[in-house]
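In: 3D, please:
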Amino acid sequence: MAAAKRIAVIGSINMDLTARADRHPRVGETVMGLDLRYVPGGKGANQAVAAARLGGRVSLFGCVGDDSFGERLLEGLRENRVDVSHIRRVSQESSGIALITVAGGDNSIVVIPGANSHVTPAYLAERREAILESDIVLLQNEIPVESVEFAVGMCSSAGKAIIWNPAPMRPLSGRAMEQITYCTPNEHEAALLFPGTGSLNELVEKYGGKVIVTMGERGAMAWERGDFLRIPPRPARVVDTTGAGDTFNGALAYALASGRTLREALSLANTAAGLSTERYGAQAGMPLHSELPERWQ
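Out: Numbering: from 1, shown residues only. Predicted coordinates:
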């Protein structure tokens, strides 16, 4: 197999502050919490870590604040072999934060973008040469939409493969949709992104390989060379699904960068996502290359 290509991930970097409680407070009410955890997150960072832990050559492009969270987030990325040399530390700005309350099996989340709002077209233009050193570019929707579209146009013009994970759901322009190589919505996002298209079968066939629909415990679906690809999930002893979608996208980028066919890449991504659900935490639960089944070694 040819040497792995480089992967550029452009996206968010957050610190997740997760509080557990017996129940959610009502408006105006205070309840006592059980514990508080500080967990590195953000879809950009998560997907970069997923690809890097599998052995990908990954550079992350994004912003953190000049606060203590910013340094902790950078250190965690370095520990996971992600190149952070192009990440900007924004002065007098906080790092992105997600405030998460978990109670009774449900959660409520408030996201404060902070430094992620500084991932602007100007920031990306300044790093154009470094971004275009990569062959595959992975994007999500936790940075400004104009920045996503700018990155898509810039990378498409340079002939780069582009994976766009439309989460949280927000559409792109028709022009940008034409330029991306792969779009990876889940079933809910697919229904919002492509209204009136019909069944999932009709959707993936219509877009001829561009759209890959993830279906959780039912695996993933795509279209290749005139036929459906239905990739079953890996059986898993599920303890925590946090970060499984990000693991899938990071692993997909890694597999494609390693020269796998689309079918092989989807199978590897499903395997990695399944493994990630067997441990707690998003980044901490993501598998290492050595933990993949033998056929992927």
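In: Low-confidence bits of the stretch 101-250 of the chain, can you list those?
Out: Low-confidence segments of the stretch 101-250 of the chain (pLDDT under 70): 105.
In: Please identify the helix or strand for the spatially closest residue to residue 256 that is not a sequence neighbour.
Out: With sequence-adjacent residues excluded and distances taken as C-beta to C-beta, 6 or more residues apart in numbering, residue 256 is closest to residue 265, at 5.0 Å. To be clear about C-beta, it is placed using only N, CA and C from the backbone, and glycine gets the same treatment. Residue 265 is part of helix 262-276 when elements are defined by DSSP states H and E.
In: ok, how many other residues are close to the residue nearest to residue 256?
Out: When neighbours are defined as other C-beta atoms under 10 Å, residue 265 has 23 of them.
In: correct me, but residue 229 touches residue 221?
Out: Yes: counting by C-beta atoms under 8 Å, residue 221 is a contact partner of residue 229 at 6.7 Å.
In: How many residues are close by residue 295?
Out: So residue 295, with other C-beta under 10 Å, has 9 neighbours.
In: That should have said residue 215, apologies.
Out: Burial measure for residue 215: 16 neighbouring residues, criterion other C-beta under 10 Å.
In: what's the residue nearest to it when sequence neighbours are not counted in contact with, if anything?
Out: Using C-beta to C-beta, 6+ apart and skipping residues adjacent in sequence, the residue nearest residue 215 is residue 187, 5.7 Å away. Applying C-beta atoms under 8 Å, 6 or more residues apart in numbering to residue 187 gives the contacts 200, 213, 214, 215, 216.
In: Now do the strands in the stretch 1-150 of the chain.
Out: For the stretch 1-150 of the chain, the strands defined by DSSP state E, counting those that start in this stretch cover 6-10, 14-21, 33-41, 57-61, 63-65, 88-90, 96-103, 106-112, 136-139.
In: which among the contacts of residue 187 end up buried?
Out: Members of these that pass the buried threshold by neighbour count (16 or more other C-beta atoms under 10 Å) are listed as 200, 213, 214, 215.
In: Give me the subset of the contacts of residue 187 lying in strands.
Out: With strands identified by DSSP state E, the entries of the contacts of residue 187 that belong to them are 213, 214.
In: Quick check: residue 206 vs residue 196, distance?
Out: Counting by C-beta to C-beta, to the nearest Å, the gap from residue 206 to residue 196 is 11 Å.
In: So these two - more neighbours on which side?
Out: Neighbour tally, residue 206 and residue 196, criterion other C-beta under 10 Å: the higher count belongs to residue 206, 13 against 5.
In: Need the nearest residue in space to that one, chain neighbours excluded.
Out: Closest to residue 206 by C-beta to C-beta, 6+ apart is residue 197, at 6.3 Å.
In: The one you found touches residue 211, doesn't it?
Out: No: judged on C-beta under 8 Å, residue 197 makes no contact with residue 211 at a distance of 9.3 Å.
In: With neighbour numbers in mind, choose between those two.
Out: In this comparison of residue 197 against residue 211, neighbours counted by other C-beta under 10 Å, the higher total goes to residue 211 at 24 against 16.
In: Tell me who's in contact with the more buried one.
Out: Contact criterion C-beta under 8 Å, 6+ apart gives 182, 183, 185, 190, 194, 203, 204, 222, 223 as the residues in contact with residue 211.
In: got CSV for those, with distance to residue 273, secondary structure and neighbour count too?
Out: As requested, the contacts of residue 211 are arranged in CSV below (distance: C-beta to C-beta, whole Å; DSSP: H, G, I helix; E, B strand; the rest coil; neighbours: other C-beta atoms under 10 Å):
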residue, distance to residue 273, secondary structure, neighbour count
182, 16, strand, 23
183, 17, strand, 21
185, 15, coil, 21
190, 17, helix, 24
194, 22, coil, 20
203, 21, helix, 20
204, 19, helix, 24
222, 15, strand, 25
223, 20, strand, 21
